[in-house]
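In: The sequence and its predicted three-dimensional model are supplied below.
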Amino acid sequence: MSLNELVFLKNEQPVTSSLQVAENFDKDHKHILESIENLTVENSAVKNMFREGTYKNSRGRLYRMFYMTKDGFTLLAMGFTGKKATRFKIQYINAFNKMEEQIKTGGFHVPSTMSEALRLAANQQDQIEQMKPKVLFANAVETSDTSILVGELAKLISQNGVNIGAGRLFEWLRSNGYLIAGNRSDRNMPTQRSMNLKIFEIKERTYSNPDGSVRVTKTPKVTGKGQTYFVNKFLKEI
């Protein structure tokens, strides 16, 4: 379980919910609600540590719940005992501390004015647009049934931010075991590994020579799956 699942921001403040506490400490939510109500009745100052809310069950019905601050959680969890309870208490406290630290250091920034909010939205949109070519390319290639030459693959990789030519790509494919290396007749043909991964295929063409003999040529081509495979592999190295 990650810390981010335990604590979240609500109204610019780190909180957790009575539902999460009940689930993680293996308690009936009804009993958690009763404990919170008892705490707030005993001391009115405690009320600021809890805020009532609602949630929908699987049938769409609304039920009560509470959001609580770090202090509210600490007060509530005092009565939870056992090794498992102690472990979860520590995880919650760490999660609250981490969230508070992120807010202090700018890990979470909440705009305070309309112009700041618009500027933040514009910056986020720019980041999304910058990422689009890579994402759209990968999605398009994955569903493609068209195989391409290695030189064409080099162009696609270059279009996605990694500058590489056909010669260097052939060398890289041989060095990394995707194409056969060495001075052999099958040089630059897909290795068995590539064929098993279905990232390459071999296209054969038959030509008739003037003397009546038949000549067969074999060309390695990158499948749609292979295009996705190699583009993602190179993008990870950026």
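Out: Everything's here; your move.
In: What separation do you get for the residue lying farthest from the centre of the chain and K218?
Out: Within the chain, D211 marks the point farthest from the mean C-alpha position, 60.2 Å out by C-alpha atoms, centre = their mean. Here D211 is placed at a distance of 21 Å from K218 (C-beta to C-beta, to the nearest Å). Placement of C-beta: from N, CA and C, glycine included.
In: Then A154?
Out: A154 sits 20 Å away from K218, taking C-beta to C-beta as the criterion.
In: So the two - more neighbours on which side?
Out: Neighbour tally, A154 and K218, criterion other C-beta atoms under 10 Å: the higher count belongs to A154, 22 against 13.
In: Check whether the more buried one sits in a helix, strand or coil.
Out: Following DSSP: H, G, I helix; E, B strand; the rest coil, the label given to A154 is helix.
In: From the rest of the structure, what touches stretch 194-204?
Out: Contact partners of stretch 194-204, identified using C-beta atoms under 8 Å, 6 or more residues apart in numbering, comprise 147, 178-179, 189-190, 216-223, 225-226, 229-230.
In: and the residue nearest to N57 when sequence neighbours are not counted, backbone torsions?
Out: Leaving out its chain neighbours, the residue that sits closest to N57 by C-beta to C-beta, 6 or more residues apart in numbering is Y63, at 6.1 Å. Y63 adopts backbone torsions of phi -130, psi 160, taken as degrees, to the nearest 10.
In: Return the set of residues that bridge with Y63.
Out: Residues in a beta bridge with Y63, per DSSP bridges, are Y55.
In: what's the distance between it and K56?
Out: 8 Å.
In: between those two, which one's more packed in?
Out: Y63 (13 against 9).
In: tally of neighbours for V46?
Out: Using other C-beta under 10 Å, V46 has 18 neighbouring residues.
In: picking up where we left off before, residues contacting the residue nearest to N57?
Out: Y63 touches T54, Y55, K56, N57, counting by C-beta under 8 Å, 6+ apart.
In: pLDDT and distance to F96 for those - can I get that in JSON lines?
Out: What follows is the contacts of Y63, written out as JSON lines (pLDDT from 0 to 100; distance: C-beta to C-beta, whole Å):
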{"residue": "T54", "pLDDT": "91", "distance to F96": "23"}
{"residue": "Y55", "pLDDT": "88", "distance to F96": "21"}
{"residue": "K56", "pLDDT": "86", "distance to F96": "26"}
{"residue": "N57", "pLDDT": "79", "distance to F96": "27"}
